[in-house]
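Chemist: Sequence first, then the predicted structure, then my questions.
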Amino acid sequence: GKYHLFYQFYPYGASWDSMHWGHYTTQDFIHWRLEPTALAPDGANDSDGCFSGTSIVKDNKLYLMYTSVLADIQTQSLAVSADGVHFEKLGEVIPSSRLPQDALRTEFRDPKVFLRDGIYYALLGSRTANGEGQILLYRSRDLLEWEYVNVVRRDRYTTRGIYECPDLCELNGKDVMLASPQGYETKDWRYENWQSAIYMVGKLDVEKGTFEQDYEDEIDGGFDFYAPQTLKAPDGRVIMIGWMQMWSRRMPTAQHGWAGSMILPRELSLQEGKLYQRPVRELKDYRWNEVKHAHKII
């Protein structure tokens, strides 16, 4: 009966360091309850940080799949909770040895886990040794044993960095893949941010690990929008939330002891093949003091 929001933060200062997983819960996307810190970098594989990932329910337990960092090496690890608040680490589940040969072990992160036809899949951000940004696909039957499938997206030098925080949702029978490529190539007035957030409409073939793309565009042209992630609500809506700050820019709130925040969640829809966004409808319950003018020039 609750929605869970996990986010990266460093509890000892308003700066980037050994990242933890903060945790909030809500029932309406407007009022949020702060929960205990979900993950801290204290394990054998994650002593230098617990980076972004996914939460997913399996057998009435909440699993977190996250990027575990040790020195410069990034791998994927798992944690589990029976109450949705206190988590036990299960260790590394996708080691860097399961990367394709040309992928960097230091640029391998942000798993997005989803279930399709009884099989779990994970999209992961990656970068090749010659600088190409790409998205990898892995699969598993139990969240514990994973196998590499294929590169579902490779950018052929239009980025200068990794594809961070990939995401996948389904709208109107189409697969919509989101990602945050660093240094995406500017096209006219599009993709002008140093780190953009894009969506790709098409069809993901999970057996072959390929993505047949119909259309692509940026999600939001604002300077402080990054790493959007989606969930499917019980009523069928696809809800997206993102980070409202950009880490390549000065953090104006750092002097107050915190850095960045989350956007107001948005409902997504696909109309004529393009992504449309509107604020979550729960916001209507918080409107008051209506002012209405009829047949008047204001």
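Modeler: Now that the structure is in, tell me what you want to look at.
Chemist: From now on I want contacts and neighbour counts done on CA atoms only, so please keep to that.
Modeler: Will do.
Chemist: For D224, which non-adjacent residue is spatially closest?
Modeler: Q245 (4.4 Å; C-alpha to C-alpha, 6 or more residues apart in numbering).
Chemist: try L34
Modeler: Per C-alpha to C-alpha, 6+ apart, closest to L34 is Y24, 4.6 Å.
Chemist: can you tell me how far that neighbour sits from Q182?
Modeler: As judged by C-alpha to C-alpha, to the nearest Å, Y24 and Q182 stand 27 Å apart.
Chemist: repeat for V152
Modeler: 18 Å.
Chemist: How about A129?
Modeler: In terms of C-alpha to C-alpha, A129 sits 15 Å off from Q182.
Chemist: What of V149?
Modeler: Distance from V149 to Q182, by C-alpha to C-alpha: 24 Å.
Chemist: swap in T210?
Modeler: 22 Å.
Chemist: Pass me the low-pLDDT residue ranges in the stretch 51-200 of the chain, would you?
Modeler: Along the stretch 51-200 of the chain, segments meeting pLDDT under 70 span 156-158.
Chemist: show me where it has strands.
Modeler: 61-70, 73-81, 88-94, 103-116, 119-128, 133-140, 146-154, 163-171, 174-181, 198-205 (DSSP state E, counting those that start in this stretch).
Chemist: starting at the chain centroid, how far to the third one?
Modeler: With C-alpha atoms, centre = their mean, to the nearest Å as the basis, strand 88-94 stands 19 Å off its chain's centre.
Chemist: Tell me the strands beside that strand, with direction?
Modeler: strand 73-81 (antiparallel) (DSSP bridges).
Chemist: the inter-axis angle of the strand it pairs with versus strand 103-116?
Modeler: On the basis of axes from the mean of the first three to the mean of the last three C-alpha atoms, to 10 degrees, strand 73-81 is oriented at 30 degrees to strand 103-116.
Chemist: Now strand 73-81: buried residues?
Modeler: I73, Q74, T75, Q76, S77, L78, A79, V80, S81 (16 or more other C-alpha atoms under 10 Å).
Chemist: Who are the contact partners of the fourth one?
Modeler: Spelled out, that is Q76. Counting by C-alpha atoms under 8 Å, 6 or more residues apart in numbering, Q76 touches M65, Y66, T67, S68, E92, V93, I94, P95, R109, P111.
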